[in-house]
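>>> give me coordinates for this.
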Amino acid sequence: MHLEAWNTALKGFCKGCVHFSLAAALVFLLPCGAYTYTGDIRVEGAPFWLRPSVERSLRSVWNEIGHRSGFSGEERRALLSVVAERIFVGYSSSVSLSDSGVLVALSPVSPVAWAVEIKPPSLSAPAEEWFAESTGELAGTLSRMLGLLPVEALSWADVALKEAIEDVCAPLLPGWSPSLLVRLEGGRIASGSYRKDEKWILQISFSPKPPLVLAIVPSISSATLPVAFRSDLREKILRTLAPVVGLPIEWAAKNKLRIEALAAEALLDTNTVSNARATVDVSFSPEQLSPVKAEVESPRYSIRAWIAAYAGADGKYPEIGLHLGRNALPVSMWDMELYGEWILSANDFSLESRWGARWSPWKHILVGAEVSFPGNVLWYRLSVAGGSRSPYFWWRLSEDGDSMVGVGYRLDERISLELHYDERTEDKLTLKAISDL
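Reported below is the predicted structural model:
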């Protein structure tokens with residue numbers, strides 16, 4: 001607000017305080033009696049958000065008058081009218097009595113047609129568009145809420161006004177705290193009166209309320225894409241969701257679906273996902289360190305490479321593996337994959353190849369059969385696998401009755417530890433460490 005405007009408002013406030021003190025002293029110096037008024041106070045003419053606080057103040061005064069004697073009903077009514085005008089600076093009052101209670105009609109002495117200006121915080125796209133969309137109708141709503149509130153009334157109605165605006169903004173902008181600033185444009189205040197060309201503006205700015213989103217923590221899980229193809233996907237999520245960092249967690253939760261869609265759209269635009277024709281499913285959790293989990297699966301191809309080492313067995317050597325698969329047409333409503341696997345032993349560079357087919361009757365469950373070379377041995381295969389930081393299980397059973405079993409846990413997107421059982425070897429149970437490439 002301009003300096004002269006604040007000086008005038010301050011003078012009105014001080015004057016109102018003096019008058020209120022005199023009125024309060026007058027009420028409490030009245031002689032006590034047995035009279036008690038049983039009616040209630042009802043206020044008209046004030047904005048709806050201001051009426052409760054006005055009624056509470058008048059009710060306290062009227063109840064005190066009701067305990068005093070020596071005055072007629074008309075005198076009590078006149079006294080309440082005087083107190084109302086002294087307390088509620090900027091309004092003239094008219095008090096009337098009836099059997100149902102007391103009606104106090106307030107009329108603004110110098111009504112003001114307020115303009116509301118929304119000042120958004122400094123945000124990056126697309127968060128700024130989301131904020132603008134949430135506040136699209138806010139200025140009009142608050143202008144109607146203010147009505148013709150006199151400027152002088154801000155000296156005693158500022159708290160109620162801020163609470164009312166916070167109530168309106170809370171469902172639209174959770175996590176944002178509004179701040180109010182009154183500004184005068186188009187004229188000056190002369191001799192305490194306002195010119196007609198003057199324009200009073202209520203400017204509302206917003207600041208984020210803690211807790212805030214401090215960082216994005218992306219993770220990529222895929223059963224069809226190798227780890228080497230995923231690093232650019234994590235970087236893409238970090239760059240795309242950078243505007244989310246610094247936002248209130250409450251507001252990020254309100255825009256959860258938008259944030260997930262934003263990340264998914266960015267991943268679909270990468271060469272890795274588009275070339276593999278992969279599908280993307282993103283999950284965002286609004287926290288201070290917000291995890292963003294993306295499942296990227298190709299409906300046509302599967303590629304996996306790994307290196308493994310064994311502990312607890314002399315006859316087991318490190319190995320390098322490669323899996324290449326191609327999804328075929330569905331069989332009996334199941335997704336079928338035709339694949340080849342090659343496992344190279346590090347000690348003698350002997351190569352084992354497997355050729356097979358597997359189906360997925362349920363998510364994360366695969367069943368199938370494969371032929372292993374050398375030896376031309378038929379194996380039946382079952383595997384149950386989750387994503388990152390989850391347990392997994394697989395079992396291979398040969399046509400000769402030999403079993404191979406693995407029970408493990410994926411520590412992250414790359415590393416997993418596994419208890420490996422092979423019925424064909426002397427050291428049947430070993431610990432296996434696997435790193436995906």
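>>> how many neighbours does Gly136 have?
11 (other C-beta atoms under 10 Å). Heads up, the C-betas are built off the backbone N, CA and C, glycines and all.
>>> again with the one 3 residues further on
Ala139 has 15 neighbours, counted by other C-beta under 10 Å.
>>> does it touch Trp114 like I think?
No. Applying C-beta atoms under 8 Å, one finds Ala139 not in contact with Trp114, separated by 10.4 Å.
>>> and Val104, which helix or strand is it part of?
strand 101-108 (DSSP states H and E).
>>> cool, and Glu75?
helix 73-87.
>>> mind giving me the packing neighbours of the helix or strand where Ser360 lies?
For Ser360, the element it lies in under DSSP H and E is strand 351-362. Applying 3 or more C-beta pairs under 8 Å, 6 or more residues apart in numbering; DSSP states H and E, we find strand 351-362 packed against strand 335-345, strand 365-373, strand 377-385.
>>> export these as CSV, with columns for distance to Trp156, mean neighbour count and mean pLDDT.
Below are the helices and strands packed on strand 351-362 laid out as CSV (distance: least, C-beta to C-beta, whole Å; neighbours: other C-beta atoms under 10 Å; pLDDT from 0 to 100):
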stretch, distance to Trp156, mean neighbour count, mean pLDDT
strand 335-345, 70, 16, 90
strand 365-373, 69, 16, 93
strand 377-385, 67, 16, 93
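>>> dump those to CSV, plus distance to Lys256.
Listed next are those as CSV, based on distance: least, C-beta to C-beta, whole Å:
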stretch, distance to Lys256
strand 335-345, 30
strand 365-373, 29
strand 377-385, 27
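>>> low-confidence ranges in the stretch 301-437 of the chain?
Applying pLDDT under 70 to the stretch 301-437 of the chain picks out residues 329-334, 386-387.
>>> separation between the residue positioned nearest the centre of the chain and Pro174?
Geometric centre of the chain, nearest residue: Ala253, 1.9 Å, by C-alpha atoms, centre = their mean. Ala253 sits 8 Å away from Pro174, going by C-beta to C-beta, to the nearest Å.
>>> common neighbours of these two, please.
Residues touching both Ala253 and Pro174 (C-beta atoms under 8 Å, 6 or more residues apart in numbering): none.
>>> on that earlier part again, what's the strand holding Val104 packed up against?
strand 40-44, helix 51-66, helix 73-87, strand 91-98.
>>> residues in contact with the first one: which ones?
With contact meaning C-beta under 8 Å, 6+ apart, strand 40-44 is reached by 51, 54-55, 58-59, 62, 100-106.
>>> same thing but at 7 Å, please
If you take C-beta atoms under 7 Å, 6 or more residues apart in numbering as the criterion, strand 40-44 is touched by 51, 54-55, 58-59, 62, 101-106.
>>> just those now: which is nearest Ile220?
Taking C-beta to C-beta as the measure, Arg51 is the one of those closest to Ile220, at 56.1 Å.
>>> give me every residue that touches the closest one.
Applying C-beta under 7 Å, 6+ apart, the residues near Arg51 are Val43.
>>> ok, now how distant is Thr135 from Arg239?
27 Å.
>>> more neighbours, the two?
Thr135 (20 against 11).
>>> using CSV, write out the CA atom coordinates for stretch 430-437.
These are the backbone C-alpha positions of stretch 430-437, laid out as CSV (Å, rounded to 0.1, in the frame of the first residue of the first chain):
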residue,chain,number,x,y,z
THR,A,430,26.9,-72.4,-3.8
LEU,A,431,26.6,-68.7,-3.5
LYS,A,432,26.3,-66.9,-6.8
ALA,A,433,26.8,-63.2,-7.4
ILE,A,434,25.4,-61.7,-10.6
SER,A,435,25.9,-58.4,-12.2
ASP,A,436,23.8,-57.4,-15.1
LEU,A,437,25.5,-55.6,-18.0
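>>> name the residues of it that are buried.
Across stretch 430-437, burial judged by 16 or more other C-beta atoms under 10 Å covers 430, 432-434, 436.
>>> which one of those residues sits closest to Ala309?
For the buried residues of stretch 430-437, the nearest to Ala309 is Ala433 (5.3 Å; C-beta to C-beta).
>>> my read: the closest one touches Ile307, true?
No. Here Ala433 lies out of contact with Ile307, judged by C-beta atoms under 7 Å, at a distance of 9.2 Å.
>>> what about the closest residue to Lys293 other than its chain neighbours, neighbour count?
Using C-beta to C-beta, 6 or more residues apart in numbering and skipping residues adjacent in sequence, the residue nearest Lys293 is Ser283, 4.6 Å away. Using other C-beta under 10 Å as the criterion, Ser283 is surrounded by 13 other residues.
>>> next helix or strand past whatever helix or strand Ser283 lives in?
Assigned by DSSP H and E, Ser283 belongs to strand 279-284. Per DSSP H and E, the first helix or strand lying C-terminal to strand 279-284 is strand 289-297.
>>> mind listing what that next one pairs with, with the direction of each?
Paired with strand 289-297 in the same sheet, following DSSP bridges, are strand 215-221 (parallel), strand 279-284 (antiparallel).
>>> can you pull the buried residues of the longest one?
The one in question is strand 215-221. For strand 215-221, by 16+ other C-beta under 10 Å, it's 216, 218-221.
>>> again, but for stretch 231-241
So stretch 231-241, judged by 16+ other C-beta under 10 Å, has buried residues 233-234, 236-238, 240-241.
>>> contacts for that stretch next, please.
216, 218, 220, 259, 262-263, 266-267, 270, 272, 292, 294, 296.
>>> neighbouring contacts of stretch 389-409?
Against stretch 389-409 from outside (C-beta under 7 Å, 6+ apart): 377-386, 410, 412, 416-424.
>>> what pLDDT does Glu295 get?
According to the prediction, Glu295 has pLDDT 90.
>>> what bridges to it?
Ser221, Asp281.
>>> again, but for Leu106
Under the criterion used (DSSP bridges), Leu106 bridges to Ser93.
>>> pretty sure it is touching Tyr91, no?
Yes. Applying C-beta under 7 Å, one finds Leu106 in contact with Tyr91, separated by 4.2 Å.
>>> the strand holding Ser360 pairs with which strands?
Assessed with DSSP bridges, strand 351-362 is paired to strand 335-345 (antiparallel), strand 365-373 (antiparallel).
>>> can you redo the strands paired with strand 289-297 as a markdown table with mean pLDDT?
Converted to a markdown table, the strands paired with strand 289-297 look like this (pLDDT from 0 to 100):
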| stretch | mean pLDDT |
| --- | --- |
| strand 215-221 | 92 |
| strand 279-284 | 94 |
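>>> and those strands as TSV, adding distance to Ala160?
Below are the strands paired with strand 289-297 laid out as TSV (distance: least, C-beta to C-beta, whole Å):
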stretch	distance to Ala160
strand 215-221	39
strand 279-284	38
